[in-house]
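Peer 1: just coords:
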């Protein structure tokens, strides 16, 4: 697969994700910050740090393999 096609697929995937998020919000289906608050309770310093680390870990797990495939 060409690098330009691969990059286009990544960008289209991000736009579809944004579209799905906006449709879910339009339907009053909560996720994202509301879900983190339901899982960890009231936002404290420790829970904010934990949510930040988990979010970075998930983003890294999603984007790093794509980046490695793009580089190769």
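Peer 2: Received it, and whenever you're ready, just let me know what you need. All of these numbers come straight from a predicted model, not from anything done at the bench.

Peer 1: Residue 34: which element?
Peer 2: helix 33-40 (DSSP states H and E).

Peer 1: In that helix, which residues are buried?
Peer 2: Neighbour-count burial for helix 33-40, counted by 16 or more other Cβ atoms under 10 Å, picks out residue 36. Glycine gets a C-beta too; all of them are placed from N, C-alpha and C.

Peer 1: what angle sits between the helix or strand just after that helix and helix 33-40?
Peer 2: Reading on from helix 33-40 to the C-terminus, the next helix or strand found by DSSP H and E is helix 45-71. With axes from the mean of the first three to the mean of the last three Cα atoms, to 10 degrees applied, the angle from helix 45-71 to helix 33-40 works out at 120 degrees.

Peer 1: Can you mark which positions in helix 45-71 are buried?
Peer 2: residue 51.

Peer 1: so what does it touch, helix or strand wise?
Peer 2: helix 3-26, helix 33-40 (3 or more Cβ pairs under 8 Å, 6 or more residues apart in numbering; DSSP states H and E).
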